[in-house]
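Q: give the three-dimensional model of this entry:
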Amino acid sequence: MSFLKKITVHWERVAGKDTYPFNIPALKSLQELDTNYNVVFFIGENGTGKSTLLEAVAAKCGFGLLGGGKNFVFNEESSPTFEEILSLAWLPKVTSGFFLRAETFYDFACRLDQMAREDGGVVYAPYGGSSLNEQSHGEAFLALFNNRFNRQGLYILDEPEAALSPQRQFAFLRIINQLEQKGKAQFIMATHSPIIMAYPGAVIYSFDGARVSRINYEETEHYQLTKAFLNDRERFFMHLFAD
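A: Numbers count the residues shown, from 1 in each chain. Take a look at the predicted model:
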């Protein structure tokens with residue numbers, strides 16, 4: 001079940017459109033983005049604006065920018081975001097959810113440990129009952145997905161595949177499917193994984209190029225490069241290593 005129906009960008013609120021992050025090519029032309037789908041993927045090379053937009057939506061929802069939900073917000077310094085020029089259209093509006101940022105997950109887990117020392121470990125309950133830092137990176141991610149993502153909400157994930165082996169990426173897709181089928185969750189994710197973005201029925205937005213555009217899975221560079229490599233890796237390496 002989708003909750004966040006549309007993201008609207010109000011460029012009239014921007015004074016310096018030539019400054020970062022407002023001058024990112026794909027974002028400069030963005031007016032509205034249809035998010036009325038259960039699973040939405042943002043894809044593109046690093047620096048194309050997908051994480052910038054994800055962070056702005058997470059901030060607009062009141063989620064902690066190092067990771068977490070509405071009850072896990074600290075005084076966090078961050079670079080300018082799109083939050084100030086976004087409006088979000090909901091039906092129905094949900095107040096719960098989570099923002100996972102792979103690159104700051106360790107900091108999030110450390111803050112969780114700090115809170116656990118103060119409350120005797122009660123804070124671990126929604127995360128599987130133990131410290132996320134006492135597990136492997138992949139185990140910690142799955143513990144988060146299996147336990148924290150069990151309530152109705154919007155889940156915003158930035159590169160969730162970072163700690164997941166291919167086998168665990170399939171386990172992650174199963175979790176998404178179980179929550180989606182129960183009408184409990186909407187997912188908006190930035191990913192480079194051709195496994196994850198192959199999720200059935202998902203909508204894919206590419207941030208490569210001058211504008212954000214919707215594309216089919218088979219049109220993604222991730223799919224095409226992976227397929228070409230697996231079909232003929234010897235020829236692939238011959239061209240790659242040619243002088």
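Q: shaky segments in the chain?
A: 70-81 (pLDDT under 70).
Q: so which residue is dead centre in it?
A: Central residue of the chain (Cα atoms, centre = their mean): L157, 2.3 Å from the mean position.
Q: torsion angles phi and psi at that residue?
A: Dihedral pair for L157: phi -130, psi 130, per degrees, to the nearest 10.
Q: now do F41
A: Dihedral angles (degrees, to the nearest 10) for F41: phi -110, psi 140.
Q: against L230, how distant is it?
A: 21 Å (Cβ to Cβ, to the nearest Å). Where you see a C-beta, it was placed from the backbone N, CA and C, and this is true even at glycine.
Q: compare these two (neighbour count), which wins?
A: F41 (24 against 9; other Cβ atoms under 10 Å).
Q: and the more buried one, what does it touch?
A: Residues near F41 by Cβ atoms under 8 Å, 6 or more residues apart in numbering: 189-191, 196-197, 199, 202-205.
Q: ok, those residues vs S2, which is closest?
A: Lowest distance from S2 to those (Cβ to Cβ) belongs to V203, with 10.0 Å.
Q: and the closest one, how far from Y124?
A: 34 Å.
Q: any idea which helix or strand comes after the helix or strand hosting Q178?
A: Using DSSP states H and E, Q178 sits within helix 166-181. Using DSSP H and E, the helix or strand that directly follows helix 166-181 along the chain is strand 185-190.
Q: what helices or strands is that next one leaning on?
A: In this structure, strand 185-190 packs against strand 39-43, helix 50-61, strand 153-158, helix 166-181, with contacts taken as 3 or more Cβ pairs under 8 Å, 6 or more residues apart in numbering; DSSP states H and E.
Q: want to throw those into CSV with distance to N133?
A: Output for the helices and strands packed on strand 185-190, formatted as CSV (distance: least, Cβ to Cβ, whole Å):
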stretch, distance to N133
strand 39-43, 28
helix 50-61, 22
strand 153-158, 19
helix 166-181, 18
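Q: closest to S29 out of those?
A: helix 50-61 (12.8 Å).
Q: what's the first helix or strand after the closest one?
A: strand 86-90.
Q: who touches the helix or strand following that next one?
A: Reading on from strand 86-90 to the C-terminus, the next helix or strand found by DSSP H and E is strand 97-101. With Cβ under 8 Å, 6+ apart as the test, strand 97-101 has contacts from 55, 58, 61, 63-70, 108, 144, 148-149, 153-158, 160.
Q: picking up where we left off before, out of the helices and strands packed on strand 185-190, the one nearest F22 is which?
A: helix 50-61 (9.6 Å).
Q: CA atoms of that closest one as CSV?
A: Output of helix 50-61 as CSV, limited to C-alpha atoms (Å, rounded to 0.1, in the frame of the first residue of the first chain):
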residue,chain,number,x,y,z
LYS,A,50,19.2,10.3,-5.9
SER,A,51,20.5,10.3,-2.4
THR,A,52,20.0,14.1,-2.1
LEU,A,53,16.3,13.7,-2.9
LEU,A,54,16.0,10.7,-0.5
GLU,A,55,17.6,12.6,2.4
ALA,A,56,15.3,15.5,1.7
VAL,A,57,12.2,13.3,1.8
ALA,A,58,13.4,11.7,5.0
ALA,A,59,14.0,15.1,6.6
LYS,A,60,10.5,16.2,5.5
CYS,A,61,9.1,13.1,7.3
